[in-house]
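Chemist: Build me a model:
(6 chains)
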Number of protein chains: 6
Amino acid sequence: MKLRLGLPKGSLQEATFQLFKKAGYNVSVGRRSYFPTIDDPEIEVLLMRAQEIPRYVHEGVLDAGLSGYDWITENEADVVEVADLVYSKQTNNPIRLVLAVANDSDIKEVEDLQGKRVATELVNVTKKFLKAHGVEAAVEFSYGATEVKVPHLVDAIADLTETGSSLRAHNLRIIATILQSNTKLHANKAAWEDDWKREKLQNMSVLLLGALRADAKVGLKMNVPEDKLPDILAVLPAMKKPTVSKLVESDWLAVEVVLDEKQVRDLIPAIKRAGAQDIIEYALNKVIP
Amino acid sequence: MKLRLGLPKGSLQEATFQLFKKAGYNVSVGRRSYFPTIDDPEIEVLLMRAQEIPRYVHEGVLDAGLSGYDWITENEADVVEVADLVYSKQTNNPIRLVLAVANDSDIKEVEDLQGKRVATELVNVTKKFLKAHGVEAAVEFSYGATEVKVPHLVDAIADLTETGSSLRAHNLRIIATILQSNTKLHANKAAWEDDWKREKLQNMSVLLLGALRADAKVGLKMNVPEDKLPDILAVLPAMKKPTVSKLVESDWLAVEVVLDEKQVRDLIPAIKRAGAQDIIEYALNKVIP
Amino acid sequence: MKLRLGLPKGSLQEATFQLFKKAGYNVSVGRRSYFPTIDDPEIEVLLMRAQEIPRYVHEGVLDAGLSGYDWITENEADVVEVADLVYSKQTNNPIRLVLAVANDSDIKEVEDLQGKRVATELVNVTKKFLKAHGVEAAVEFSYGATEVKVPHLVDAIADLTETGSSLRAHNLRIIATILQSNTKLHANKAAWEDDWKREKLQNMSVLLLGALRADAKVGLKMNVPEDKLPDILAVLPAMKKPTVSKLVESDWLAVEVVLDEKQVRDLIPAIKRAGAQDIIEYALNKVIP
Amino acid sequence: MKLRLGLPKGSLQEATFQLFKKAGYNVSVGRRSYFPTIDDPEIEVLLMRAQEIPRYVHEGVLDAGLSGYDWITENEADVVEVADLVYSKQTNNPIRLVLAVANDSDIKEVEDLQGKRVATELVNVTKKFLKAHGVEAAVEFSYGATEVKVPHLVDAIADLTETGSSLRAHNLRIIATILQSNTKLHANKAAWEDDWKREKLQNMSVLLLGALRADAKVGLKMNVPEDKLPDILAVLPAMKKPTVSKLVESDWLAVEVVLDEKQVRDLIPAIKRAGAQDIIEYALNKVIP
Amino acid sequence: MKLRLGLPKGSLQEATFQLFKKAGYNVSVGRRSYFPTIDDPEIEVLLMRAQEIPRYVHEGVLDAGLSGYDWITENEADVVEVADLVYSKQTNNPIRLVLAVANDSDIKEVEDLQGKRVATELVNVTKKFLKAHGVEAAVEFSYGATEVKVPHLVDAIADLTETGSSLRAHNLRIIATILQSNTKLHANKAAWEDDWKREKLQNMSVLLLGALRADAKVGLKMNVPEDKLPDILAVLPAMKKPTVSKLVESDWLAVEVVLDEKQVRDLIPAIKRAGAQDIIEYALNKVIP
Amino acid sequence: MKLRLGLPKGSLQEATFQLFKKAGYNVSVGRRSYFPTIDDPEIEVLLMRAQEIPRYVHEGVLDAGLSGYDWITENEADVVEVADLVYSKQTNNPIRLVLAVANDSDIKEVEDLQGKRVATELVNVTKKFLKAHGVEAAVEFSYGATEVKVPHLVDAIADLTETGSSLRAHNLRIIATILQSNTKLHANKAAWEDDWKREKLQNMSVLLLGALRADAKVGLKMNVPEDKLPDILAVLPAMKKPTVSKLVESDWLAVEVVLDEKQVRDLIPAIKRAGAQDIIEYALNKVIP
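Modeler: A predicted model of the protein is given here:
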């Protein structure tokens, strides 16, 4: 028995392979191939356009796949969400589907789109959103480069954005957010009923989430004189349980703790002032609470 | 005194430099140079075609070198094998020298090559193998791109393969394996008699093997309630000796263990179920048992 | 309030961004942009030519910046040195500004430059150096590719070099070193008087130096029988204070130590001989003594 | 007044720009822009996906455009065909839309697709073709990489091919050709009624066709003794009218002729044997009969 | 005797080499070399930054060079202008040095720069221009990327532009043009007095100008019935003298003419209507009137 | 019947394809394929290492091929030379096989190689040459990068060179030329006896040589007043027979001539002085005398 898993080809592919590597799966593929090898003989991977993965999971051609919430919704795919994975091409910002118009357009809010023309790669999602706002507009399918179509070809677009910088560069203004779209590990409903497949997917979920969590965390070790321990603990974030062990033949303690990388910028100077010595920081592959 | 070491130029170069880096030696080289710098003043490195290294080690122009077992054999080089290093360009599979014919050829086994024409970069090894099977065939030297020569120019080839995918892509079928060829750190016999050089090479061998071992392993730390320790230990592979230390003023233990990266995929869910908390995984540079 | 920080565009940019990443700051920038984003809302980063940063720090347009000692001196910038950072494009060698002439030139020492023509990107520094040696020479500004100007266009050059290899490749000979130029984190004098900015810069200095220190160090863990500890400690460098903790229900100790990566090549074989087992080495992000 | 012209972005873009250049129009565009400049102030060019151009021409957003007959049909665009332009990315073969199945599939002809699943980028055209053959099948939209979907995801595909080599490389077998698709210069119906726009487009058509014709032709000049002229003319293709002029003060004639480049391979040896001398061949930009 | 010629390294290098090739000189250079080879043994070429060429021509280190009028002026080089060459990296537009400010700046004209800060690579030219307008401003040397300095670092810049598109992309507004800057073939005054060098440079000038002229022109040939000649000549531009020759044994004429490439777009349809047949167009290497 | 033709893969491939294109044959090949397509259905092309082509032509596996005289000799291939083609990667210089030693070596002439070690890719040719000079030396096969082997691994090398610049860059000194090696179109002896194949090859030879000749030549046209013709003809090289035709209703003549491109640099100024007007130069595809 094998688990058939669809992974996204293209701009998200490299980040996905790296995430799987950190999670413990080596996935590799020739430059023009769509059939990667994975070092788990119980999994078969297919590379596919992210747009199509939810449809094939829904239909059962795949047991599970990774794709954005946007495409799951667009395909009206009736699938099980196994894990919510916040990662993307460039940043750790979530991807959003937004409505945008030209900077100098008269259109200020969703309602102003009445009777206008909107281009988008996600026609279903956009139509549904406009309908919910009581707006009738011509929504047309765009094959790409959607952001250059305003104002020459259409009045507005519904396009995906991570930082908004591409929209700004094209002199577009966001007037509404249709949805926020993290990547989802999602499963076919029948596959999820299968015990072996469900456990396989749950384990994969633990490892993927553990790897994502580790991206933003680091390990810290330091030596602390026994009498200074309370001061050090006072500085460290309350919810973190440090590992404290006594050193042989001395009154020093070894303290270890896992912290958010961003906190470390402020904490290192503070714990040094509080008496810690020989502080070292190291990177983590996975963190499982 | 310096140790003269030959490293392979070309497709294996990048992987070799990374292996040495992990082992603790920084080797770097200009894009078109053959004389790398290394941050150990007692070693002098020369880049060379892998095919030629065993010959120069045999002749004593080099004290030692890295090359495949295939080329050591082809050159009939009488050298000392210091370490067997399993690494390669793409995968961790060993490289094999195989005999291959066209998919639709009548040739099914080695004996069918009687009177046929075989192209290969390893003429000596191939001739010897055929002779040992009682086969007489015309073995001709190929300058490369050997796999495209069947069936236009020759009946069969003896070619190196890691995954077999290039052979399959050219519609070739493997009929026999001539030899398996790991990379070998090998030394000139006289150099090996020299105490200083032998110790230098043995230390290098420890570090290279330590780095290779670490590639497939990770470190795992977790906190475990004292009473759950036996359950955790039961889950961990028997042969691994975990480091267990008592935390200060608590009934928790810190457990550390080094594991195969592939086992971790199954172990993390298991040890979590057995009561471990705050599990972190980190990468290793070297593992020396 | 924001700290305005100038970072060098160009050949040093990538190394600088990596150093900041290791220090805990994610800096990223579009391929053609000069306005990076940084994940600290209290800092605003501007990319600029290294030559111009000290001038803008001096004038207060920037609060602080990273640039070489060479350009601080050339700009006669009156600034506060916050940290001395030894890193560069290729190696960890410091960059030097040297006077060089053609290999076969009659010029042997600085004094021989009397009445000659010297091309350089650092006109002020070079003039001052020559004047201090009592030499009068025509020093002309070079827009780049300075090393090809000898002997066709000028008699000597004052040029920056890391390894000297570019000078050698152009058949040039060094006759004197004008100055050694590490990168400096330097601050505007008024900004340094501001408590908030000074503390911000001091923290940044701790983190940058911690990251640089970690580049050349590794962590080592091993298990040691209690009675072998003195032998192990004898092998380890005296000044390093290892962390020793007792393992539960055994007479083994866990020993951890941070070492220079280069020492490890010799120490691992030695501590193994002295009785250590299960030695692992891991990489470090930061080391703060 | 301006003529709004849509040109295809992407794989056909470079070939299109070169064709326009030969025709006498310099079109250039920044690497990420969709708004090229053209050195004719009466034309405004927009780059767009070939798939979308016929739709926008049909709707009048564009006056005219270049796109394949396939996409004109898929969009059911009611437009005027101005010129039939046979050129493509690699070869001068026309592009065809074909139905293809796995080499070892049982499907042999169109009728065998009854009840099967077909993936294609041209859903309308494919559905219409199947219906015309009395076949009912599920035709689903493919976002690309259609040829890898057989047999894992679908039973057959309808895909564009120039040489068939990509289909062969994926082990697919063609069972029918749906349509042949040259590139068409096509115009909006209302724009065609406008005298100024129609003449503008007709002139453009003359120049584009003249440039395409010149691709396959060369000019040939030679000197011929007066009495050998009949022999030379007998060798040259009957329909070509050579330009013959008498040289001053001699009994030699200068003969010029425009020929298909492929004929030249055989004609040059022949006319040389027939007595021509000083034969030169030169390239042509345009040929207008 | 050799002519020492300086050609610009960098962005203009490729266009310069192509111009020389068309003029009849093959110049080639290794990727990192500054000493090209040229297939005229009487010329020695040096590659140099365009900024420095006029200075070295002025000083006589070079006999002649190619550089922009901007840098000749900036260097206050007293040289002889041999030829005015209108060519550039991208377009055939001349390069201009312009003063630019932020789009939303209050600065509207040159006079508003009183007391402001201006960054530029051409400090002398800019200072002189401002002085001539009675404006006192701080003009500071910029090492590059000048257009990103507004408004963070300076109030205005004086920068080179060909199409203005880079300025627009940085939201800058041009307020004045300081100078227009074609490339000049310019000579040292003493070299110009030398008969051999002057003739060498004059010949080079004829060939370079002939090649530049040919860039915008094409040759046209056609066959015309004798009685239609007046109509054809009426259509062709008056100032062009066509070459008309009578064909042997017929009442047709062969007409050849050299035309501006841009005129051809309109003329070809016109001369076809006027009765010309078998029109061919071909490219030209050089045109010398 | 087909002609089987071997063309060289690798560094000479691009230049070879361009030569064939100019000769009238379109050869194209996928990036990793060895089986090009050619637009002549009577020819079948195989790409192969230049080293192996003569062997396969000799054996009759190929009817004909292109390879250097060096490899024909090295393979001791008994073949028919059809055409001598002087073209190469970079320049139009012939390739030479030379003996080279370190700049500071004591070896000054061939005889000094007695008892030394020589590395080369052409072992047979080199051995024969040394033997002819009465020199006994160890000649060993080199897999490439031969020029870096002196002086570390061997005393001398026999290597191919076009300009000598690579040898100079490695500080090597040429002591003798073993042979000069143009590319040869060469044929199998039996194939040459076949009338159809011989004529096919002879035609190909005419076209290839015509294309090569055209590389160094240009066409020149000018208008000349009848009375100035003698002066013009006096300037033009004697051996060139210009085409002179009288213009209709005028006393001007049209003069056309084909010249060496290098002569044109001097001739254009001269013929202009002699009274020619409206001189145009155009490029040629083929020149057949």
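
Chemist: Phi first, then psi, for A:Lys217.
Modeler: Phi and psi for A:Lys217, reported as degrees, to the nearest 10, are phi -130, psi 160.

Chemist: Where does pLDDT dip in chain A?
Modeler: Confidence mapping of chain A against pLDDT under 70 gives the ranges A:88-93, A:238-240.

Chemist: quick one, domains of it?
Modeler: A:3-91+A:183-214, A:95-181, A:217-283 (automatic domain parsing).

Chemist: And the longest one, end to end?
Modeler: Spelled out, it's domain A:3-91+A:183-214. Distance across domain A:3-91+A:183-214, first residue to last, is 26 Å (CA to CA, to the nearest Å).

Chemist: And the contacts of the top helix by length along chain A?
Modeler: When chain A is parsed with DSSP state H, its longest helix is helix A:195-215. By CB atoms under 8 Å, 6 or more residues apart in numbering or on different chains, the residues outside helix A:195-215 that reach it are A:1, A:3, A:19-20, A:22-25, A:42-43, A:63-64, A:82-83, A:85-87, A:92, A:185, A:187, A:191-192, A:284-289, B:265-266, B:268-269, B:272, B:279-281. All C-beta atoms are positioned from the backbone trio N, CA, C, and that covers glycine.

Chemist: Could you turn the buried ones of those residues into a PyMOL selection?
Modeler: Here is the PyMOL command that picks out the buried ones among these, judged by 16 or more other CB atoms under 10 Å in any protein chain shown:
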select buried, (chain A and resi 3+19+20+22+23+24+25+43+63+64+82+83+85+87+185+187+191+192+284+285+286+287+288) or (chain B and resi 265+268+269+272+279+280+281)
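
Chemist: just checking, next helix/strand downstream of the longest helix of chain A?
Modeler: Heading C-terminal from helix A:195-215, the first helix or strand you meet, by DSSP states H and E, is strand A:217-225.

Chemist: ok, and for the helix or strand just after that following strand, which residues are buried?
Modeler: Sequence order places helix A:229-235 as the next helix or strand after strand A:217-225, per DSSP H and E. The neighbour-count check on helix A:229-235 (16+ other CB under 10 Å) flags A:229, A:231-233 as buried.

Chemist: So which of the domains of chain A is nearest F:Ala132?
Modeler: domain A:3-91+A:183-214 (50.4 Å; CB to CB).

Chemist: Distance from that closest one to the middle of the chain?
Modeler: Remark: domain A:3-91+A:183-214 is offset 12 Å from the chain centroid, using CA atoms, centre = their mean, to the nearest Å.

Chemist: Indicate which one of the domains of chain A is closest to B:Leu167.
Modeler: domain A:3-91+A:183-214 (14.1 Å).

Chemist: what sits against A:Arg96?
Modeler: Counting by CB under 8 Å, 6+ apart, A:Arg96 touches A:160-162, A:177-181.

Chemist: Any chance of those in JSON lines with secondary structure, neighbour count and distance to chain F as columns?
Modeler: Supplementary listing: the contacts of A:Arg96 in JSON lines, determined by DSSP: H, G, I helix; E, B strand; the rest coil; neighbours: other CB atoms under 10 Å in any protein chain shown; distance: CB to the nearest CB, whole Å:
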{"residue": "A:Leu160", "secondary structure": "strand", "neighbour count": "19", "distance to chain F": "33"}
{"residue": "A:Thr161", "secondary structure": "strand", "neighbour count": "19", "distance to chain F": "36"}
{"residue": "A:Glu162", "secondary structure": "coil", "neighbour count": "15", "distance to chain F": "33"}
{"residue": "A:Thr177", "secondary structure": "strand", "neighbour count": "12", "distance to chain F": "44"}
{"residue": "A:Ile178", "secondary structure": "strand", "neighbour count": "23", "distance to chain F": "42"}
{"residue": "A:Leu179", "secondary structure": "strand", "neighbour count": "21", "distance to chain F": "42"}
{"residue": "A:Gln180", "secondary structure": "strand", "neighbour count": "14", "distance to chain F": "42"}
{"residue": "A:Ser181", "secondary structure": "strand", "neighbour count": "22", "distance to chain F": "37"}
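
Chemist: Output those as TSV; include the columns distance to chain D.
Modeler: Formatted as TSV, those follow (distance: CB to the nearest CB, whole Å):
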residue	distance to chain D
A:Leu160	15
A:Thr161	16
A:Glu162	17
A:Thr177	24
A:Ile178	20
A:Leu179	20
A:Gln180	23
A:Ser181	17
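
Chemist: Out of those residues, which is nearest to D:Leu220?
Modeler: A:Leu160 (57.2 Å).

Chemist: The closest one: what's it in contact with?
Modeler: Going by CB under 8 Å, 6+ apart, A:Leu160 touches A:70, A:95-98, A:121, A:181.

Chemist: center of chain A - which residue?
Modeler: Against the mean C-alpha coordinate of chain A, by CA atoms, centre = their mean, the closest residue is A:Val86 at 2.1 Å.

Chemist: how many neighbours does A:Ala169 have?
Modeler: 12 (other CB atoms under 10 Å in any protein chain shown).

Chemist: Hmm, I typed the wrong one, I wanted A:Gly30.
Modeler: For A:Gly30, the count of nearby residues is 12 (other CB under 10 Å).

Chemist: Where does the stretch 151-289 of chain A get nearest to chain F, residue-wise?
Modeler: Proximity of the stretch 151-289 of chain A to chain F (CB to the nearest CB) peaks at A:Ser166, 31.7 Å away.

Chemist: in stretch A:70-84, what's buried?
Modeler: Under the neighbour-count criterion of 16+ other CB under 10 Å, stretch A:70-84 has A:70-75, A:77, A:79-80, A:82-83 buried.

Chemist: Sort out for me which of those are in strands.
Modeler: Among the buried residues of stretch A:70-84, the members falling in strands (DSSP state E) are A:80, A:82-83.

Chemist: what residues are up against the most far-flung residue of chain A relative to its centre?
Modeler: Distance from the C-alpha centroid of chain A peaks at A:Glu249, with 47.6 Å (CA atoms, centre = their mean). For A:Glu249, the contacting residues are C:Val244, by CB under 8 Å, 6+ apart.

Chemist: Quickly find the element holding it.
Modeler: Using DSSP H and E, A:Glu249 maps to neither a helix nor a strand.

Chemist: wait, doesn't the residue of the stretch 151-289 of chain A closest to chain F sit right on A:Glu147?
Modeler: Yes. Between A:Ser166 and A:Glu147 there is a contact under CB atoms under 8 Å: 6.2 Å.

Chemist: Which residue, neighbours along the chain excluded, lies closest to A:Glu109?
Modeler: The shortest distance from A:Glu109 to any non-neighbouring residue, by CB to CB, 6 or more residues apart in numbering or on different chains, is to A:Ile175 (5.8 Å).

Chemist: hey, where'd the strands end up in the stretch 51-200 of chain A?
Modeler: Counting by DSSP state E, counting those that start in this stretch, the segments of the stretch 51-200 of chain A that form strands are A:64-68, A:80-85, A:95-102, A:117-120, A:138-141, A:156-161, A:172-181, A:183-187.

Chemist: A:Leu7: neighbour count?
Modeler: Counted with other CB under 10 Å, A:Leu7 comes out at 24.

Chemist: Kindly indicate whether it is helix, strand or coil.
Modeler: Going by DSSP: H, G, I helix; E, B strand; the rest coil, the secondary structure assigned to A:Leu7 is strand.

Chemist: Would you confirm that it contacts A:Arg49?
Modeler: No. A:Leu7 lies out of contact with A:Arg49 (CB under 8 Å); the separation is 10.8 Å.

Chemist: Overlap in contacts, those two.
Modeler: Counting by CB under 8 Å, 6+ apart, A:Leu7 and A:Arg49 have no shared contacts at all.
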